[in-house]
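Novice: Quick one: sequence and predicted model below, then my questions.
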Amino acid sequence: MNKLNTILARNIDSVPKAICGFSQTVAFSHYNHLSAQLPIDPKTGNLVNGGIKEQTIQSLKNIESIIKGINHVMSDIVRMTIFTKTLKDIEIVKEVYKTFFSNYLPTMTILVVKNIPMGSLVQIEAVITYGEGTIPNSPQAGDLIKVVRNTKTAPECVLSSQSVAFSHYNNISAQLPIDPKTNKLVAGGIKEQLKQTFRNVKNILESIDVPFDDIVKTNIYIKDLNNMEHVQNVYKTFFPDSAIARAVGYFPALSIIEVSDLLLGALVQIEVIVSHGDGTPPQEIEDRHGIVIKANNTDKSPINCISSQSVAFSHYNNISMQLPIEVSTGKLVSNEIEEQTIKCLENIKNILENIDHKMEDIVKLNIFVKDINYINLISKNLKDFFPKTMPTGRIIEINNIEKNALIQIDAIVSNGEGTPPNITRTTKYK
């Protein structure tokens, strides 16, 4: 990692501290990741009085305070993720959400999960643009702009944009298996819903002239992990998508998470992060399409046949979800949460060391557990891996995890050296 770009972690005194000791916000290059915000009243340190409406307002106010505290505004948000505990609360969440976004709409993911820290009814997180970058004393492309686009070939939503591009990444709203012609769930079961969801993603990408193999990270949210075989079989019909990608067997980084419920009673929902090699205007011609996707695997961590362990593009590196599996045995390291947490983090560390990175390069951790009461033990383990500066993060309780594990973790990592220009334009996937 060179020292031109630096990780900038910050905490705002007027906002409650993040769970697990996470930093409230970590900026790197042209993006800034915020830790998931609970509806904590900063005056009392407790959950705000009231129900889902009051809790949603407080969570969004906490996000707004962090953003203002680092001299940004709410319209700098490119992606919002909202976790609730019940499907019935989502309509109230939506009504509150509208009051914070009147003109511009970021991309969005809404999920119903088993439990949220502190017994909260809602938890919300955001990713914002950081046009000035994090090169000390340099504006670093502060004139980059967001590009917001929608297409009628995919389902439209009054609360979110389908795609929001900024710099070298494009954020896509999570897609449900909705037929855009009828605006209803497609007929059939999990296989049909998976295919429709991926078609919706593909239609959005085609509308902005981005190939499907420019996806660097896929998050698949399903209601039943027993459908994993169907997920894998359908997934392999969409990836790799191009001749170049097939030649090298390119798969994006991947996380599969079981959730309690999804909008419209869907069985699956998919969100993707997409490379955007031409950046966003204004952009020098020689910069366009000049950055490559670089996928890597190491045998020191578990290898998945339908995903890459790490996928770098430009100044970020996306890490696939890691289970607490011992590589030598292919089995869980133990039945204890502390040992499993350490193993997940060790697997991530091995992946990072394989690409000449360190744990301190992580800007965001996404943690899913079987029991939210593990949070204090997990926090203790995190401090051992991050003794100086903590990344941002989220922690959510879900019903089931693959192999009956107690925890799974994925990460977003800074990539200070970027990825090199594609000189020949025939070796995009390395």
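Specialist: Great, that's in hand. Numbers count the residues shown, from 1 in each chain.

Novice: so where do the helices sit in the stretch 301-430 of the chain?
Specialist: 337-354, 375-385 (DSSP state H, counting those that start in this stretch).

Novice: Of the ones you listed, flag the one that's most buried.
Specialist: The highest mean neighbour count among the helices of the stretch 301-430 of the chain, using mean count of other Cβ atoms under 10 Å, belongs to helix 337-354: a mean of 21. C-beta: built from backbone N, CA, C; applies to glycine.

Novice: by contact count, what packs against that helix?
Specialist: strand 310-313, strand 316-322, strand 325-326, strand 362-369, helix 375-385, strand 407-414 (3 or more Cβ pairs under 8 Å, 6 or more residues apart in numbering; DSSP states H and E).

Novice: same question for that helix, mean pLDDT?
Specialist: Here helix 337-354 scores 98 as its mean pLDDT.

Novice: quick one: it to strand 407-414, angle?
Specialist: Orientation note: helix 337-354 sits at an angle of 30 degrees relative to strand 407-414 (axes from the mean of the first three to the mean of the last three Cα atoms, to 10 degrees).

Novice: contact partners of helix 337-354?
Specialist: Here helix 337-354 makes contact (Cβ atoms under 8 Å, 6 or more residues apart in numbering) with 296-298, 300-302, 309-310, 319, 322-327, 332-334, 358-359, 361-362, 369, 371, 374, 377-378, 380-382, 384-385, 405-409, 411, 413.

Novice: Give me the buried entries from the residues you listed.
Specialist: Buried members of the contacts of helix 337-354, scored by 16 or more other Cβ atoms under 10 Å, are 297-298, 301-302, 309-310, 319, 322-325, 327, 332-333, 359, 361-362, 369, 374, 378, 381-382, 385, 405-409, 411, 413.

Novice: out of the helices and strands packed on helix 337-354, which comes closest to Lys146?
Specialist: Nearest to Lys146, of all the helices and strands packed on helix 337-354, is strand 316-322, at 17.0 Å by Cβ to Cβ.

Novice: Roughly how far does Gly50 sit from Lys217?
Specialist: 36 Å (Cβ to Cβ, to the nearest Å).

Novice: Looking at the two, which one has more neighbours?
Specialist: Using other Cβ atoms under 10 Å as the criterion, Gly50 and Lys217 rank with Lys217 on top: 25 against 13.

Novice: Surely the more buried one and Ser275 touch.
Specialist: No - in this structure, Lys217 is not within contact of Ser275 by Cβ atoms under 8 Å, at 9.8 Å.

Novice: Tell me which residues touch Tyr250, please.
Specialist: 213, 239-240, 244, 293, 295, 308, 429.

Novice: Using TSV, lay out the helices and strands packed on helix 337-354 together with mean pLDDT and distance to Met108.
Specialist: Shown next, in TSV, are the helices and strands packed on helix 337-354 (pLDDT from 0 to 100; distance: least, Cβ to Cβ, whole Å):
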stretch	mean pLDDT	distance to Met108
strand 310-313	97	22
strand 316-322	98	19
strand 325-326	98	32
strand 362-369	98	17
helix 375-385	97	26
strand 407-414	98	18
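
Novice: show me the residues around the closest residue to Ile178 other than its chain neighbours that make contact.
Specialist: Spatially, and ignoring its direct neighbours in sequence, Ile178 is nearest to Pro155 (4.2 Å; Cβ to Cβ, 6 or more residues apart in numbering). Counting by Cβ under 8 Å, 6+ apart, Pro155 makes contact with 175-176, 178, 180, 183, 200.

Novice: Ramachandran coordinates for Leu264?
Specialist: Backbone torsions of Leu264, given as degrees, to the nearest 10, read phi 70, psi 10.

Novice: For burial, what's the neighbour tally of the nearest residue to it once chain neighbours are set aside?
Specialist: Residue nearest to Leu264 in three dimensions, not counting chain neighbours: Leu185, with 5.6 Å by Cβ to Cβ, 6+ apart. Leu185 has 18 neighbours, counted by other Cβ under 10 Å.

Novice: quick one, what contacts Leu185?
Specialist: 176-179, 193, 264-266.

Novice: hmm, try it at 7 Å
Specialist: 177-178, 264, 266 (Cβ atoms under 7 Å, 6 or more residues apart in numbering).
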